[in-house]
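*Asks:* Return a 3D structure for these sequence lines:
(chains A, B and C)
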Amino acid sequence: MSEAKPVGGKVFTGPFLFFLVITLIGIYFLAKRFMFGIGAVTNMNDGFPWGIWITYDVVVGTAFACGGYSMALLVYVFNNGEYHPLVRPALLASMFGYTLAGVSVFIDIGRYWQIYNVFLPWYTNFNSILLEVALCIAAYIAVLWIEFSPAFLESKTGTKSKVNKLLIFFIALGILLPTMHQSSLGSLMILAGHKLSPLWWSPALPLIFLISAITMGYTVVIFESTLSSFGFKRPLETSILAKLSLVIPILLVIFLVVRFGDLLMRGQLGLAFSGNLQGNMFLLENILHILPLVILASAKNRKSAKMLFLSACFLMFGGLLFRFNTYLIGFDPGAGWHYFPAIGEQFITYAIISAEILLYMVFVKKLPVLPGQEQARA
Amino acid sequence: MRCRESEFDKIPGGVSRRDFLKVCTATAVYMGLPASLGPKIAEAATTAKKRPPVIWLSAQECTGCVETLLRATHPTVEHLILDLISLDYSETLNTGAGHQAEEFRAKSIEENKGKFILVCDGSIPVKDGGIYCKIAGKPVLEILKETAPKAAAVISLGSCASWGGVPSADPNPTGATPVYKILEGTGIPIINIPGCPPNGYNFLSTVLYYVTFKKLPELDDKLRPKFAYGRLIHENCERRPHFDAGRFAEQFGDEGHRNGYCLYKLGCKGPETFNNCSTLRFNDMGTWPVNTGHPCFGCSEEGVGFNIPLHTPAEVKNVTPAAVQTPINVDHGGGMSAGAVALAAGVAGAAVGAGAVAIKKIDQEDKNQD
Amino acid sequence: MKIKRRDFLKGAAGCGVLAAVGQPTFAEAKKKERLPGALGFLYDSTLCIGCQACMVGCKKANNMPVESSDLLPIWENPRDLSAKTLNVIKKFESGTGLNKDQETDGFAYVKRQCMHCVDPGCVSACPVSAMRKNPDTGVVTYNKDACIGCRYCQIACPFNIPKFQWDSAFPQIVKCQLCSHLLPKGEIAACCSFCPTGASLFGPTNELMAEAKRRQQMEPGKYYDFPVSSIDSGKIFSQKAASYVPQIYGENAVGGTQVLMLAGVPFSKLGLPELPEKSYASTAESIQHTLYKGMIAPIVVLAGLFYFVNRSQRDKD
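*Replies:* Okay, the predicted model is just below:
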């Protein structure tokens, strides 16, 4: 493996245009949302004040964007320089994930023109978990751009800038901030109280969310690395991913022990077998956590690109479902309230995902992100 | 038709056939009978071989009941009431007086035993042997007890006769008692037509019903004809929409009062008084207390009028929820639409498909690399 | 490169700090008590006749638009609380629905609006202090100039009270603020001043609590005096006491509320949730405050992380 280099190649490819069209459709609905209000394009209501924009774009989106955080934890805290080549692509994905989560928040909140109130000391509410999440995410977005800045500099100057003490501080901050807000994304739903099913409501939510977020980070690194190798016709990085993937079963065991230990202690595990939507979704969510654990427990499977990718898919869906369950499916504000995302609402989310993919494609082609290859394949 | 018209010439007082039918039809309507029964009532009223004899006893009363009946401004009612029935004895209306009247009463009672209608207005004092109301030196209690068993039916006219009324108000010095209590257990049919005064048409309608169908109208558990006392005044009150919308007069003369808002907070007893004042009204000119701006005081309702202070709010009866009132759990919509579900399912399917294709290709790639 | 044992242990130690942070000791937050000057009202379902005067009064006092629903196309007929309706009377019906305040074959009314919690979830949730609890009266108020429209208050409210103007390009949250704009003028909440029967009775919560307890001692069917409008109005309405369920809703629910309720049918039938005595806000805050007290833990962790990152960079160079 060598230093990161731009992939190069044409920007306007078929997939690029496809995602561009989806982004444009999303922009149409976005215009509608800003002209006629959130109700004009979404199915959100007073029972379900948070829909997929918060659940997917922010909660799931930032969890999927934990690659940078997880890799930094591994490389810097556990001192494994070996994985360094994976840091920068992960960081890029994180940067987009978080930036677009920030954009989603701006779209989602009703009084967006007052969003700066969050930073005004006289409006500060130190009891608010959401304030902590908002400030942490805002700070982390800034930190990510700073952390990623060497890539810009390299592309401009062609030389690798020296990592100075200031950047080290930001890297450290870049590990602290996600620890804080990823756990707090769990704490957020403690206030939902009886409205959230006991299968998910727990004082341990912050811990469970944190473990899940770190797991998601490694999963996403495997997923993205595999997919970008495939997409940009580069050799698979199976050997390094195989080593990395050992972390996942360990984290999954911790996750499942905490998750089920908490449920047993609160005596609510029985609800899982009630046969209703919530119970079934809980079972599915946990099957999607147990399957990758079983697959990745075997060293042979860890060396198979297919099995790695398959477990990554399971786990990403599992993590997604866990967050959907906590924020939407397990949330029941009372009889008569229903929510299913409207078409416009969905399109805005798809547009955000598309925009993320578009930007990723442009960035890896133009900036030194992916590890350089001795011999580029045709 | 001319010859039919001539039948009505027999009716003294020069009532035209047209006017008479109008009254009879109106009567039918008051009782909730089909208007087509009007001619039948007219026929019954005019062709009855002998007009039903009526003995009218007055006990502790103010004569208001008789006055309201007579002063109904509908031009022909007084004639009808006097000509439909054979009013054989009435202290207010008797031409004769003293022994002559008393003798005629006794004679009529004997002659019409089991056929006459006994109308009684005023409550019956029972304290001290009933000495507080005597007619011809005889306590009215005794007269009633003698007379009633010979009557076909007893009509207690007015609140005093129906449930005690003013004389029975606390501390009730004379032991004023309603007629139905005096006659309890005698098996004599009793009809109460309470009110202070009762609406003359309620009385007239009851009598005409009896004349027409030879039976008493349907009564409620307080022996009141259902056609007149079946509903709360509140239910058909013209101010009811204000009640439903929460617009109340708070004080006499305030903005709400001047705007004609609901008088409930001023103590209107409409919500607990069963009567048809709000639809039938008085004096043939559509007036009644509530439309003059005064709350109903529940004169016709036992335990309300003369019992509960004038401006104490009523205990609202029949507060069962309206159909339009919103239930505890309402459906707020926001559910799935086919398009949204199809879109989400399509995207999820595409993601799964893409994943499957990717896995297949990765597998190939992996093998190629090895 | 293999993970060196020494490095692994160091890393694990670092994680230990994080884990310690992640494992809150649940330092019990002090239970918030009712403010001595707490204002609220007592809603007595057994006195309510469903006339909806309070709803009209509320709209008038708060200048709210009319809302007609599809229940029947009449001019004002909200189905539930909404961005246009701060206060609503709902009906409970069962079986024949003929007997007032009876669970079977009966009916009952319930009034829904903000409960003005002692420890409000919305106030705890709001990142910009747009929801505030008045330090004197304890009334929970909303400030649109602070609000960013995040709607976390809606998630956090156990009673689903705050409503959002979904169809506005410049939306606000709307909720009952106990007619805060009328109180300084010496007036009372409009729903209470409009209530003809005294079913909604305004007053200081501690006096209302005493009144509620007095009513619970009443013998059903006997006549008692009930104050109307506000507890100190002097207006009295003599009424037969109903048979109350032995619970004052709001006495303990989620740490207590300033609005209290009495009813003749179980509150669960009236759509009021069964809630724990501990407020969700205090659970969340005790976790959050344990983690972030004085920002000590995050700063310690940051220092540790700085050391680790610095070391890893040194190793690399």
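
*Asks:* From here on, just use CA atoms for contacts and neighbour counts.
*Replies:* Noted.

*Asks:* all helices of the chain, in order?
*Replies:* No chain in the question, so chain A it is. For chain A, the helices defined by DSSP state H cover A:14-36, A:52, A:61-64, A:67-72, A:84-108, A:129-157, A:165-187, A:205-231, A:238-244, A:247-266, A:277-296, A:299-302, A:305-324, A:343-366.

*Asks:* my bad, the chain I had in mind was chain C
*Replies:* Counting by DSSP H, chain C has helices at residues C:5-22, C:53-62, C:121-125, C:152-156, C:190-194, C:205-216, C:280-292, C:296-316.

*Asks:* What's the separation between A:Leu288 and chain B?
*Replies:* To chain B, A:Leu288 is 14 Å away according to C-alpha to the nearest C-alpha, to the nearest Å.

*Asks:* Wait, that residue touches A:Phe314, no?
*Replies:* Yes - in terms of C-alpha atoms under 8 Å, A:Leu288 counts as a neighbour of A:Phe314; the distance is 5.4 Å.

*Asks:* For the residue lying closest to C:Arg34 once chain neighbours are set aside, give me its contacts.
*Replies:* Excluding the flanking residues, the one nearest C:Arg34 by C-alpha to C-alpha, 6 or more residues apart in numbering or on different chains is C:Val118, at 5.8 Å. Contacts for C:Val118 (C-alpha atoms under 8 Å, 6 or more residues apart in numbering or on different chains) come out as C:Lys32, C:Glu33, C:Arg34, C:Leu35, C:Gly138, C:Gly255, C:Gly256, C:Thr257, C:Gln258.

*Asks:* Turn the helices of chain C into JSON lines, columns for mean pLDDT and mean neighbour count.
*Replies:* Shown next, in JSON lines, are those (pLDDT from 0 to 100; neighbours: other C-alpha atoms under 10 Å in any protein chain shown):
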{"stretch": "helix C:5-22", "mean pLDDT": "48", "mean neighbour count": "16"}
{"stretch": "helix C:53-62", "mean pLDDT": "89", "mean neighbour count": "21"}
{"stretch": "helix C:121-125", "mean pLDDT": "91", "mean neighbour count": "28"}
{"stretch": "helix C:152-156", "mean pLDDT": "93", "mean neighbour count": "28"}
{"stretch": "helix C:190-194", "mean pLDDT": "90", "mean neighbour count": "25"}
{"stretch": "helix C:205-216", "mean pLDDT": "93", "mean neighbour count": "18"}
{"stretch": "helix C:280-292", "mean pLDDT": "80", "mean neighbour count": "23"}
{"stretch": "helix C:296-316", "mean pLDDT": "76", "mean neighbour count": "18"}
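
*Asks:* now those helices in JSON lines, with distance to A:Phe324?
*Replies:* Supplementary listing: the helices of chain C in JSON lines, determined by distance: least, C-alpha to C-alpha, whole Å:
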{"stretch": "helix C:5-22", "distance to A:Phe324": "22"}
{"stretch": "helix C:53-62", "distance to A:Phe324": "37"}
{"stretch": "helix C:121-125", "distance to A:Phe324": "21"}
{"stretch": "helix C:152-156", "distance to A:Phe324": "15"}
{"stretch": "helix C:190-194", "distance to A:Phe324": "40"}
{"stretch": "helix C:205-216", "distance to A:Phe324": "40"}
{"stretch": "helix C:280-292", "distance to A:Phe324": "20"}
{"stretch": "helix C:296-316", "distance to A:Phe324": "28"}
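
*Asks:* closest one to C:Tyr109 among the ones you listed?
*Replies:* The minimum distance between C:Tyr109 and the helices of chain C falls on helix C:53-62, with 12.7 Å, by C-alpha to C-alpha.

*Asks:* coming back round to it: state the distance from the residue nearest to C:Arg34 to chain B.
*Replies:* Where chain B is concerned, C:Val118 sits at a distance of 25 Å (C-alpha to the nearest C-alpha).

*Asks:* before we move on, back to that, would TSV of the helices of chain A with mean neighbour count, mean pLDDT and distance to C:Phe159 be doable?
*Replies:* Below are those laid out as TSV (neighbours: other C-alpha atoms under 10 Å in any protein chain shown; pLDDT from 0 to 100; distance: least, C-alpha to C-alpha, whole Å):
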stretch	mean neighbour count	mean pLDDT	distance to C:Phe159
helix A:14-36	17	91	28
helix A:52	25	91	23
helix A:61-64	28	89	30
helix A:67-72	28	85	38
helix A:84-108	23	86	23
helix A:129-157	19	82	20
helix A:165-187	23	84	20
helix A:205-231	24	87	22
helix A:238-244	18	80	47
helix A:247-266	16	91	24
helix A:277-296	19	91	22
helix A:299-302	16	84	49
helix A:305-324	23	90	22
helix A:343-366	21	88	26
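
*Asks:* now those as JSON lines including distance to C:Ala210?
*Replies:* Formatted as JSON lines, those follow (distance: least, C-alpha to C-alpha, whole Å):
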{"stretch": "helix A:14-36", "distance to C:Ala210": "49"}
{"stretch": "helix A:52", "distance to C:Ala210": "46"}
{"stretch": "helix A:61-64", "distance to C:Ala210": "51"}
{"stretch": "helix A:67-72", "distance to C:Ala210": "56"}
{"stretch": "helix A:84-108", "distance to C:Ala210": "45"}
{"stretch": "helix A:129-157", "distance to C:Ala210": "36"}
{"stretch": "helix A:165-187", "distance to C:Ala210": "37"}
{"stretch": "helix A:205-231", "distance to C:Ala210": "40"}
{"stretch": "helix A:238-244", "distance to C:Ala210": "66"}
{"stretch": "helix A:247-266", "distance to C:Ala210": "36"}
{"stretch": "helix A:277-296", "distance to C:Ala210": "42"}
{"stretch": "helix A:299-302", "distance to C:Ala210": "69"}
{"stretch": "helix A:305-324", "distance to C:Ala210": "45"}
{"stretch": "helix A:343-366", "distance to C:Ala210": "50"}
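
*Asks:* any weak-confidence spans in chain B?
*Replies:* Residue ranges of chain B with pLDDT under 70: B:1-17, B:19-20, B:23-24, B:26-38, B:43-50, B:71-83, B:366, B:369-370.
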